[in-house]
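[1] have a look at this prediction, sequence included:
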Amino acid sequence: MEPSSKKKKAKAAFNPTESAELKRLEQDLITEEGIVVATKGRHAIHCLTVIGTIEGHTLAPDSQKTTKYEHVIPQLVDIEEDPGIEGLLVILNTVGGDVEAGLALAELIAGVSKPSATLVLGGGHSIGIPLAVSARRSFIVPTATMTVHPVRHSGMVLGVPQTLRYFEQMQERIVGFVAGHSGITAKRFTTLMHNTGELVMDMGTVLAGPQAVEEGLIDELGGLSDALRYLYREIEKKS
């Protein structure tokens, strides 16, 4: 009889039903929630998508594509806690949305201790800008744009000094976060925000990918492979 230490471990039996169920679950997460579980490359990267309108305390119309912040928050906690996930890739194509919800998500992404990167595709507008700069490294494709503009408010507004001060404080929070997590200064970002010579029905500035990099708002012009290459490199530095 062989010693117990030399006995070969029995291999787990392959269960085709269980495997098919897992694949269906992964497909449902992609199609219904826009979530990609840890990828199957040489490192486990969690892909998080931020698309459409960032939905906050009020529901967006059914006709709008939304990213619900109450769905994203637990994902970010799981990414931080799960030892099997080695890095985070956030892909953005958003028109903006709820300011407080966007800032909350940006702060959570900035607080992830694992290597992280953002990639702006299509657009990273309005409150999408803090999200775009929240990771350790930000990327943007040449055809993407970012709209920098002051805080807006829909619905009834009381015309009193306290309301104006509230808007100022909210804007200061956004400017402070963006300046603290990118290469642009608070003064320059505010100047772009208050530009009156570019947008027909609003004030602000539209930056194409190369301009966003030139202004220091985004770190690097690049695509998916560039973002993944950065994450792999950072993960392997820690090994």
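    Thanks, I have it.
[2] downstream neighbour of the helix or strand bottoming out on mean pLDDT in the chain in the secondary structure list?
    Across the helices and strands of the chain, mean pLDDT, DSSP states H and E gives its lowest value to strand 35-36, namely a mean of 62. Counting by DSSP states H and E, the element after strand 35-36 in chain order, helix or strand, is strand 45-55.
[3] what's in contact with the helix or strand that that following strand is followed by?
    Moving toward the C-terminus from strand 45-55, the first helix or strand encountered (DSSP H and E) is strand 66-68. With C-beta atoms under 8 Å, 6 or more residues apart in numbering as the test, strand 66-68 has contacts from 34, 49, 50, 51, 52, 53, 54, 55, 60, 94, 97. Quick note: C-beta positions are derived from backbone N, CA and C, even for glycine.
[4] in strand 66-68, what counts as buried?
    Across strand 66-68, burial judged by 16 or more other C-beta atoms under 10 Å covers 66, 67.
[5] that strand - what's its average pLDDT?
    For strand 66-68, mean pLDDT rounds to 91.
[6] so what's the residue count around the closest residue to residue 72 other than its chain neighbours?
    Counting by C-beta to C-beta, 6 or more residues apart in numbering, residue 72 lies nearest to residue 105, which is 5.6 Å off, once chain neighbours are set aside. For residue 105, the neighbour count with other C-beta atoms under 10 Å is 26.
[7] need the contact list for residue 105.
    By C-beta under 8 Å, 6+ apart, the residues touching residue 105 are 50, 54, 69, 72, 73, 76, 131, 134.
[8] between the residues you listed, which is closest to residue 206?
    Nearest to residue 206 out of the contacts of residue 105 is residue 131 (C-beta to C-beta; 17.5 Å).
[9] number of nearby residues for that closest one?
    With other C-beta under 10 Å as criterion, residue 131 counts 28.
[10] hmm, back to that, of the contacts of strand 66-68 - the most surrounded one?
    Tallying neighbours with other C-beta under 10 Å puts residue 54 at the head of these, with 29 neighbours.
[11] now the closest residue to that residue other than its chain neighbours, what are its backbone angles?
    Leaving out its chain neighbours, the residue that sits closest to residue 54 by C-beta to C-beta, 6+ apart is residue 97, at 3.2 Å. Taking degrees, to the nearest 10, you get phi 150, psi -140 for the backbone angles of residue 97.
[12] name the residues of stretch 178-191 that are buried.
    Neighbour count says stretch 178-191 has 178, 179, 181, 182, 184, 189, 190 buried, by 16+ other C-beta under 10 Å.
[13] the last one touches residue 176, doesn't it?
    The one in question is residue 190. No: using C-beta atoms under 8 Å, residue 190 makes no contact with residue 176, being 10.6 Å away.
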